[in-house]
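Undergrad: Provided below are the primary sequence and the corresponding predicted coordinates.
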Amino acid sequence: MNKFFRIFILTLICIISFSFSINKEKITIYVAMDNPDFKNKNYYCSKDDSSVINIHDGPYIKWKINSSKVIVSYFDHNPKNDKTKKVTRKYQISEEDTSFSFKGFAYDSLNYFIDKHYYPETAKYNNVEKIMVIGDIHGEYDYLLKLLRNTKVIDEKNNWIWGHGHIVFCGDIFDRGNNVTESLWLINQLEKKAKKKGGRVHFLLGNHEIMALNDDARYLSPKYCFICNRFELNYSNLYNKKSVMGRWLRSKNTVIKINDILFTHAGISPKIAENKLSIDSINKTVRNYLDEPKKSLRKPITNLVIGNEGPLWYRGYIMNLYNYKKISNQEIDEILNFYNASHIIFGHTDLPKIQPLFNSKLIDIAIPFKFRNVKEQVLLIEKNKYYRLFLSGERENINN
Ligand code: CA
């Protein structure tokens, strides 16, 4: 297809919002620019600075693999004198050390326990009795913290108190909201704490993680634009392979299976199943891509997995898109058969309520935080029963 025509079509998609009915309930979905190929290097940054008030952002931790130095930085902006500072501390450690802890500074009083290396986790788990599935956070740290406390996953000191439970974050922690850094560190630290108590935290990659690591800053909040502008920074450099958070993110999975349920950000499309891509090969493909984007894109499989029919961008469970049709019942059965699964749980395409679709074979859990007339909720699966779990900690049975 002609390149300019393609850009025109994609721009149209960007401004169209879809309305349709599920179970007689009117649902409006806003589709952002669904273009994984978008490249614009001149993004820094057209957003208005006037919305920026106080900024205390961090920590950003640089720890090179062969280094005996850990460098921790925060960004600090004072609107009264319009001064923006980068506050940095350097810690001398031994080159052999593989873990490190420090107390936050520059308005941050939290403690951090970090590792030098992060390894890919297994993508398959059995006999898990309770699973909480959390949709696209998009930097809404306050909601996340409130949710985890009210549902007794963590206590007031952010300690894990949820026993052997598993939490699945279905991707898209990055972009839109103003507290991406805080959200990432909360999940990162919780992962470590949960494991110690026999629980698990799974952080799945979404399209916005891929964008953030790959120089695509279309959805950065004005706060991060402001920081990048002031320091002439490229946002993705804050998450490069020299950074602890960058290495942690690059170790993550895109699809996992717990009991007989698949979890992924956007969904598994018929094309992915037709190509017989196993869970492990999907995860490996995305990790290779994040490790060496240019080189890995020479392979057709990478283009498929990273593209808009891949698990990071697909919307066919909910709607037709310009280049594919909404999924059919038969196609869903074929996908479930191939992966030997009974359900697929996904986020990415917003709905106002957690909604079992196609006879409960699919469940969309992307319920936006901070949206008028939408009650914030996540999914709880306990002993094979499904519940909507609200911000208050209350739960509601889902009839499936
Ligand atoms: Ca998404």
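TA: Great, that's in hand.
Undergrad: Would you mind giving the domain segments of the protein?
TA: Using automatic domain parsing, the domain parsing of the chain gives 49-115, 124-397.
Undergrad: Please verify my assumption that Glu331 contacts Pro270.
TA: Yes - applying C-beta atoms under 8 Å, one finds Glu331 in contact with Pro270, separated by 4.5 Å. All C-beta atoms are positioned from the backbone trio N, CA, C, and that covers glycine.
Undergrad: and the chain, which residues reach the ion?
TA: With C-beta under 5 Å from the ion as the criterion, the chain comes near the ion at residues 172, 206-207, 348.
Undergrad: try it again with 8 Å
TA: Residues of the chain found near the ion (C-beta under 8 Å from the ion) are 32, 136, 171-172, 206-208, 265-266, 312-313, 347-349, 366.
Undergrad: Nearest spatial neighbour of the residue of the stretch 201-350 of the chain found nearest the ion, chain-adjacent residues omitted?
TA: Nearest residue of the stretch 201-350 of the chain to the ion (C-beta to the ion) works out as His348 at 4.0 Å. Using C-beta to C-beta, 6 or more residues apart in numbering and skipping residues adjacent in sequence, the residue nearest His348 is Ala266, 3.9 Å away.
Undergrad: Now do Gly104 against Arg149, distance only.
TA: Taking C-beta to C-beta, to the nearest Å as the measure, Gly104 falls 19 Å from Arg149.
Undergrad: actually Cys225, not the one I typed
TA: In terms of C-beta to C-beta, Cys225 sits 30 Å off from Arg149.
Undergrad: who's more crowded, those two?
TA: Remark: of Cys225 and Arg149, Cys225 carries more neighbours, 21 against 15, as counted by other C-beta atoms under 10 Å.
Undergrad: picking up where we left off before, buried ones among the residues of the chain next to the ion?
TA: Among these, those scoring as buried are 136, 171-172, 206-208, 265-266, 312-313, 347-349, 366 (criterion: 16 or more other C-beta atoms under 10 Å).
Undergrad: just checking, which of the residues you listed belong to helices?
TA: Counting by DSSP state H, the part of those found in helices is 207-208.
Undergrad: ok but Asn303 is inside a strand, no?
TA: No - counting by DSSP: H, G, I helix; E, B strand; the rest coil, Asn303 falls outside a strand, being helix.
Undergrad: burial of it, as a residue count?
TA: There are 17 residues near Asn303, going by other C-beta under 10 Å.
Undergrad: just to confirm, which helix or strand has the nearest residue to Leu238 once chain neighbours are set aside in it?
TA: The spatial neighbour of Leu238 that comes closest, neighbours along the chain excluded (C-beta to C-beta, 6+ apart), is Tyr60 at 5.4 Å. Assigned by DSSP states H and E, Tyr60 falls within strand 55-62.
Undergrad: what pLDDT does the residue nearest the centre of the chain get?
TA: What sits nearest the mean C-alpha location of the chain, by C-alpha atoms, centre = their mean, is Gly171, with 2.3 Å. Reading off the confidence values, Gly171 has pLDDT 97.
Undergrad: can you check the one 10 residues further on too?
TA: In the predicted model, Thr181 carries a pLDDT score of 98.
Undergrad: With adjacent residues omitted, what lies nearest to it?
TA: Asp57 is the one closest to Thr181 (C-beta to C-beta, 6+ apart), at 5.6 Å.
Undergrad: quick one: that neighbour and the ion, what's the gap?
TA: As judged by C-beta to the ion, to the nearest Å, Asp57 and the ion stand 23 Å apart.
Undergrad: What residues are bridge-paired with that residue?
TA: Applying DSSP bridges to Asp57 gives these bridge partners: Phe75.
Undergrad: check which helix or strand covers the closest residue to Lys69 other than its chain neighbours.
TA: With C-beta to C-beta, 6+ apart as the criterion, Lys69 has its nearest non-adjacent residue at 5.8 Å, and that residue is Lys90. Counting by DSSP H and E, the element that carries Lys90 is strand 83-92.
Undergrad: top helix in this structure by residue count?
TA: Max-length helix for the chain by DSSP H is helix 180-196.
Undergrad: Between strand 55-62 and that one, find me the angle.
TA: With axes from the mean of the first three to the mean of the last three C-alpha atoms, to 10 degrees applied, the angle from helix 180-196 to strand 55-62 works out at 50 degrees.
Undergrad: buried ones in helix 180-196?
TA: Result for helix 180-196 [16+ other C-beta under 10 Å]: buried residues 180-191, 193-194.
Undergrad: Just the closest of those to the ion, please.
TA: Minimum distance to the ion across the buried residues of helix 180-196 is 13.9 Å, recorded for Val180 (C-beta to the ion).
Undergrad: Now do the same for the spatially closest residue to that closest one that is not a sequence neighbour: helix, strand or coil?
TA: In space, and not counting its chain neighbours, Val180 is closest to Gly139: 4.2 Å by C-beta to C-beta, 6+ apart. Put simply, Gly139 is coil when judged by three-state DSSP.
Undergrad: got a list of what Leu184 touches?
TA: For Leu184, the contact set (C-beta atoms under 8 Å, 6 or more residues apart in numbering) comprises 173, 245, 249.
Undergrad: From Arg230, how far off is the residue of the chain positioned farthest from its centre?
TA: Going by C-alpha atoms, centre = their mean, the residue of the chain most distant from its centre is Asn81, 35.3 Å out. For Asn81, the distance to Arg230 equals 14 Å [C-beta to C-beta].
Undergrad: any idea what sits nearest Ile65, other than its immediate chain neighbours?
TA: Among residues not flanking Ile65 along the chain, Lys116 sits closest, at 7.0 Å (C-beta to C-beta, 6+ apart).
Undergrad: Number of residues surrounding that neighbour?
TA: 18.
Undergrad: Then Lys276?
TA: Lys276 has 8 neighbouring residues, counting by other C-beta under 10 Å.
Undergrad: The helix or strand hosting His202 pairs with which strands, parallel or anti?
TA: Assigned by DSSP H and E, His202 belongs to strand 200-203. Using DSSP bridges, the strands paired with strand 200-203 are strand 166-169 (parallel).
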